[in-house]
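> give me the fold of what follows.
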Amino acid sequence: MATITIHGQEFRFHEYRVENGLPSDVIKAVAQDSLGFFWIATDDGLVKYDGLHFHTYKNAFLSQYTKGFLKTHDGRLLAFGDLDLIEIQNRIDTVFFKKLIRGARTLTDTTLWYAKSIYEDKEGLIWLGESQSILAYNGKTFNRYDFGMANRSPVFVRSFSFFEDNEGQLYTISYQGKVYRYDRSTRSFLQLKSSLPASISHVIYNNGVLWIASEEGIYRATFQSGELQQLQRAFPIMNASHLLMAADSSLWISTFGQDVYHVRPDSASAPVEALLFNFNSVNSAYFSEEGDLWIASDKGLVIAQKNQFTVPDLNSEAHFIEDIADDPETKSVYYCYKETLIQLHPLKDGRNWEAKVIYNNKDNYFQSLQFGKRGLWASSAFDILLFKNGAVQKRWDFSQEGNFVHDIFLDSHDNVWLGQARSPTLKVINNDLQIERYKIPLGSQSEINLVREGSRGIYVASSGVDAYLFLKENGSHEFKNISLPVHFKVISDFSISDLAVQNDVLWIASTEGLLRYDHQTIRRIDLGSPLTYVSVSSVEVMDDRNILFSNSFGLIRYNITTGEYWLYNENAGLPSNTITARGIHVDHEKRIWVGTSFGLASSVQSIMGNKPTLKPYCVSAQVNGKRKEYVDGLDAPYGSFINLEFSPITFPENKITMQYRIDSEATWHTFESSELSLSNLSFGKHTLHVRARKNTGLGWSEVTSLAISIGQPYWLSDKFIFGAILIALFIIWVTFSISSYFMKKRRFYLQQLVTERTHDLQRANEELMQRNSELDRFVYSASHDLSAPLKSILGLIMVARMDKSIESHETYLSMMESSVRKLEEFIEEVVSYSRNSRMPVKLEKFSFREFVQNLLLDHQYAPSYNKILFMINDRAATEMVSDVTRLKIILNNLISNAIKFYWTGGDRKPFVCISLEKSEKQYVITIEDNGIGIGNEHLAHIFDMFYRANEDAQGSGLGLYILKESVAKLGGTVQATSVLGEGTVFTISLPVQEVSE
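Next up, the predicted model:
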């Protein structure tokens, strides 16, 4: 007897049911045709699945109960149901069903009667199993063989099973377990001496062994001289329903219960493994052309896909993995999260790991690991720990020299280098376990982020565009600033989170994307939008041609020679797409370990394959909203709106990138989802080229092409030209007739124009008077707001001189700092006011979502930031075009106010929602919060200079005034609505503009 075991999940599952488009949850079978389209047999009709949509063909069968499929030796796809045998002829945009055998609800000699199984023998005969008889169909006629009531099947889904042995002899097995051999010379069946257990659901013959799925378990038998031999129960898998043989001769066993098993008959340690999914009465299983396992059950259709990454330690899930290291001698792998350090040791089966906690303390904060000759080095909060055989051998305390030690690095001489927050001094624990210190010429407001080693020496990475990289060359005792000028536009605070050295090239993970530094130039790697501009958290060298790096999309393999990249994310088995700053590690076995915000993953399959994605098909075409046939080419009138859908019929279907180009274009254009819209195509013939790429490490597919013919425009027709001449003559006559009338009108218009200009001059004078009044108020309030903090500082200095107590001085300094920050904030607002009034409008394209995310990062250290839920809704179809500087002033004011005046009560969760919508002529930005709100008596004045609606809050009262002036400078409007105690909504309307080339 074999023991059934469950290992760590190696598969990911996706379920399709009625709510996804299937007509019924009861699925009997699934198969693919020669084009790769999936066909599904359900209890409510035959279904075609093109990777995007389910199409039900209820008229394909006489009965809606479809049962199964047969892919013939010559590539045809046959389907059968209770009362039909048909051939499916799929032309993509059209499907034909050819009736092969018609059925009837009463048994006759010329009709099919409730078929339950199908088989094709080596001579091309099609065998169909009925309740107590079988049919042999030669393509034109059939013979029925009746096996009597003793072999009658009492169930609706199973009857006779068929197989051929190594000598090509055909056998059939009844549901009751009786075995019959077919004699082709006499066209008759001979019952064998031996029988099988009853309730036989399915059999499969492979390499001389007959596998039998029955109610009592899985049996195996051999044949000798046409007779059953060595019958035995191989596995205690009860209620087995279907058998599927894989290419590696392993066996997949489905059951009428809730389980599907993977059986490796030759494995001694774990021959039977159960899939970790709750199925419901599995009827059959099928391997797709890509090797995915499709499972037909009474509770929908389930796809099981092999993960490229698995979680070796389920206890790591829901933990933020800080770092990973490995011991090449014991093959152990170490990883850490916050308070815990864990050792993973490989088991004998080579696929699973044993986890052991070697250190745990709630006061720890592990952040970095390195393994060397002395053992395992770890940084925890302010300490450096050296572990040997799972125990702490030595500890160093650096709490007096800065904040947490967030990075350690073991160089080729076994020296341990330390990167410590808020410390300008680089420490190293040398071979004698003594501490040496180096001064790093850091920039202002900067600190040591990490240390790495290259062929030239030791590198230190930091932040800031002028001082981000330093080098201590071999033999030198001094670090020098080797930062090269950054020529691309820096959007956020430039900072380096990781660095990998490949020969003499540095690959840099930065807030501005993946960078390449070769000591002469530094450049950003172009991966296309949006990958190019996303912050990179970690980078690691894989080999001489490939590096690995991570961003918010997941793990990316980048070929430095070809510039191609492959993306691996949660669809490849990662527990999260968010990979930590030291989250990529390649061990000595070339296995890839990935530390994420939700657990640790390791590669179980090589990611070096360049297997292409399946070729995409056009699965739907519409011209001006009407469906059209397109396989032989798509015809459309001039000026039509063409909508096309493409699918490579690969899964997961929502993780595929598609690109297109028309005719001989050199540039590929990416289109979202699977839908491509075309308009304004010129008159004539065009060829549309489309390719696909699956975001689980696959390469680009073969290109598919679609011919599109655009009809002649109407203005080139003879009728249009003749009509145009008549209209032109008519226009000339009308123009001459009414010209005198307009001449009379013109004089009146000029008089009106003079009057309007006079009114405009009066309005300009009134506006000038208003500006002068605002300037007077500005000078008065500015002098007060500037002098008040200075007077406070002078007063505190005098008090501090009189008070000799050292303990009090810290309080005075804090109060002085508060006054200085008020003064600084006011000066920034004055500068913003001045800049808005004098700077010209500068338009540029940008992503609204990324723009707001960067703004929120600037506020993340505000006292109440983490108490508020921030939401971004970008409903614009394209990038926004506006003045980035002024838009930053506008949104910073509103975000800052929303944080200051958030709702502090416990009856609701504070939120701030920032939305963008675009119409043909304007952008509408909405900032909504559920804060304390603004009273009606203040609402009409909040945009006035120096007006404060809440006297308890600090501020100059200039913020919303500058906001309104900035909006006006952009040609827009701003409105505010608010309910006291419920929240506030600011609505900003800006005109849609284009960036001049």
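> hey, let's count contacts and neighbours off CA atoms from now on
Fine.
> OK, contacts around Ile253?
Applying Cα atoms under 8 Å, 6 or more residues apart in numbering to Ile253 gives the contacts 213, 240-244, 260-263.
> show me where the protein has its helices.
718-802, 806-838, 848-858, 884-900, 936-939, 959-969 (DSSP state H).
> residues touching Tyr459, list them.
By Cα under 8 Å, 6+ apart, the residues touching Tyr459 are 451-453, 469-472.
> in strands only, show me the contacts of Ile253.
Among the contacts of Ile253, the members falling in strands (DSSP state E) are 213, 240-244, 260-263.
> give me the pLDDT value at the residue nearest the centre of the chain.
When Cα atoms, centre = their mean is applied to the chain, the residue found nearest the centroid is Phe553 (5.7 Å). Phe553 carries a pLDDT value of 92.
> what about it, distance to Trp903?
Here the criterion is Cα to Cα, to the nearest Å. By it, Phe553 lies 34 Å from Trp903.
> again with Ile321
Counting by Cα to Cα - Ile321 and Trp903 are separated by 34 Å.
> tell me what the longest strand along the chain is packed against?
When the chain is parsed with DSSP E, its longest strand is strand 684-694. Under the contact definition 3 or more Cα pairs under 8 Å, 6 or more residues apart in numbering; DSSP states H and E, strand 684-694 sits against strand 656-662, strand 704-710.
> tell me how far that strand lies from the chain's centre.
Strand 684-694 has its C-alpha centroid displaced from the chain centroid by 24 Å (Cα atoms, centre = their mean, to the nearest Å).
> so what's Ala136 closest to, chain neighbours aside?
Trp127 (4.7 Å; Cα to Cα, 6 or more residues apart in numbering).
> what's opposite that neighbour in the beta bridge?
Trp127 forms beta bridges with Tyr119, Ala136, as assigned by DSSP bridges.
> what sits against it?
For Trp127, the contacting residues are 118-121, 134-137, by Cα under 8 Å, 6+ apart.
> same check, this time on Val18
Here Val18 is in contact with 24-25, 300 (Cα under 8 Å, 6+ apart).
> go on, Asp109?
Arg144.
> can you check the one 4 residues further on too?
Residues near Trp113 by Cα under 8 Å, 6+ apart: 82-83, 103-107, 130.
> ditto for Ala692
Ala692 touches 613-616, 648, 656-659, 700-703, counting by Cα under 8 Å, 6+ apart.
> what's the pLDDT at it?
Reading off the model, Ala692 has pLDDT 93.
> residues near the residue nearest to it when sequence neighbours are not counted, how many?
Spatial nearest neighbour of Ala692, chain neighbours left out: Met658 (4.5 Å); criterion: Cα to Cα, 6+ apart. Applying other Cα atoms under 10 Å, we find 25 residues neighbouring Met658.
> for Gln393, same thing?
Quick note: Gln393 (other Cα under 10 Å) scores 13 neighbours.
> surely it and Ile384 touch.
No: contact status for Gln393 versus Ile384: not in contact, 10.9 Å apart, counting by Cα atoms under 8 Å.
> isn't Ala355 up against Gln343?
Yes: between Ala355 and Gln343 there is a contact under Cα under 8 Å: 5.8 Å.
> show me the contacts for the closest residue to Leu344 other than its chain neighbours.
Once flanking residues are discounted, Leu344 sits nearest to Ala355: 4.6 Å by Cα to Cα, 6+ apart. With contact set as Cα under 8 Å, 6+ apart, Ala355 has these partners: 313, 342-345.
> who has more neighbours, Ile321 and Trp903?
For Ile321 versus Trp903, the count of surrounding residues by other Cα under 10 Å is larger for Ile321: 27 against 23.
> just the pLDDT for the more buried one.
Confidence at Ile321, expressed as pLDDT, is 96.
> got any ranges where the stretch 201-350 of the chain has weak pLDDT?
Along the stretch 201-350 of the chain, the parts satisfying pLDDT under 70 run over 267-270.
> let's see that with 80 instead.
For the stretch 201-350 of the chain, residues meeting the criterion pLDDT under 80 lie at 225, 266-271, 349-350.
> Thr696 contacts Tyr568, doesn't it?
Yes: taking contacts as Cα under 8 Å, Thr696 lies within contact range of Tyr568: 4.9 Å.
> which one (most neighbours) among the contacts of Trp113?
Highest neighbour count within these: Glu130, with 25 neighbours (other Cα under 10 Å).
> could you count how many residues lie near the closest residue to that residue other than its chain neighbours?
The shortest distance from Glu130 to any non-neighbouring residue, by Cα to Cα, 6+ apart, is to Ala115 (4.5 Å). Counted with other Cα under 10 Å, the neighbours of Ala115 add up to 28.
> how far away is Ala115 from Leu85?
Applying Cα to Cα, the value for Ala115 to Leu85 is 9 Å.
> for Glu920, same thing?
As judged by Cα to Cα, Glu920 and Leu85 stand 55 Å apart.
> those two - which one has more neighbours?
Taking other Cα under 10 Å, Glu920 and Leu85 do not tie; Leu85 has more neighbours (27 against 7).
> OK, contacts around the residue lying closest to the more buried one once chain neighbours are set aside?
In this structure, Leu85 finds its nearest non-sequential neighbour in Ile101, 5.0 Å apart by Cα to Cα, 6+ apart. Going by Cα under 8 Å, 6+ apart, Ile101 touches 84-86, 111-112.
> hmm, 10 Å instead?
Contacts here follow Cα atoms under 10 Å, 6 or more residues apart in numbering; on that basis Ile101 touches 80, 83-87, 110-112, 137, 139-142.
> repeat for Trp377
So Trp377 contacts 325, 368-371, 384-388, 392, 394-395, 408-410, 416 (Cα under 10 Å, 6+ apart).
> surely Gly711 touches Lys685?
Yes: contact status for Gly711 versus Lys685: in contact at 8.8 Å, counting by Cα atoms under 10 Å.
> residues that sit against both of those two, list them.
Listed as contacting both Gly711 and Lys685 by Cα under 10 Å, 6+ apart are Asp635.
> need the pLDDT of the residue nearest to Ala136.
At Trp127, pLDDT is 98.
> Leu600 too?
pLDDT for Leu600: 96.
> count of residues packed around Gly905?
10.
> distance of it from Cys913?
Taking Cα to Cα, one finds Gly905 at 19 Å from Cys913.
> and what of Glu19?
For Glu19, the distance to Cys913 (Cα to Cα) stands at 31 Å.
> who's more crowded, those two?
More neighbours surround Cys913 than the other of Glu19 and Cys913, with 16 against 9 (other Cα under 10 Å).
> for that one, give me its contacts.
869-873, 895, 926-930, 985.
> hmm, back to that, mind listing the shared neighbours of Ala115 and Leu85?
66, 68, 103, 128.
> ok, the third one touching Glu130?
No: Gly103 sits out of contact with Glu130 when judged by Cα under 10 Å, with a separation of 11.5 Å.
> need the overlap of contacts for those two.
Residues touching both Gly103 and Glu130 by Cα under 10 Å, 6+ apart: 82, 112-115.
> now render those residues as JSON lines, adding pLDDT and distance to Thr977.
Below are the shared contacts of Gly103 and Glu130 laid out as JSON lines (pLDDT from 0 to 100; distance: Cα to Cα, whole Å):
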{"residue": "Asp82", "pLDDT": "93", "distance to Thr977": "66"}
{"residue": "Leu112", "pLDDT": "95", "distance to Thr977": "73"}
{"residue": "Trp113", "pLDDT": "94", "distance to Thr977": "72"}
{"residue": "Tyr114", "pLDDT": "95", "distance to Thr977": "69"}
{"residue": "Ala115", "pLDDT": "95", "distance to Thr977": "70"}
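> of these, closest to Asp349?
Ala115 (44.4 Å; Cα to Cα).
> gap between the closest one and Val311?
In terms of Cα to Cα, Ala115 sits 45 Å off from Val311.
> same question, Val734
Using Cα to Cα, Val734 is found at 81 Å from Val311.
> quick one: which of these two has more around it?
A direct count of neighbours by other Cα under 10 Å for Val734 and Val311 places Val311 higher, at 24 against 11.
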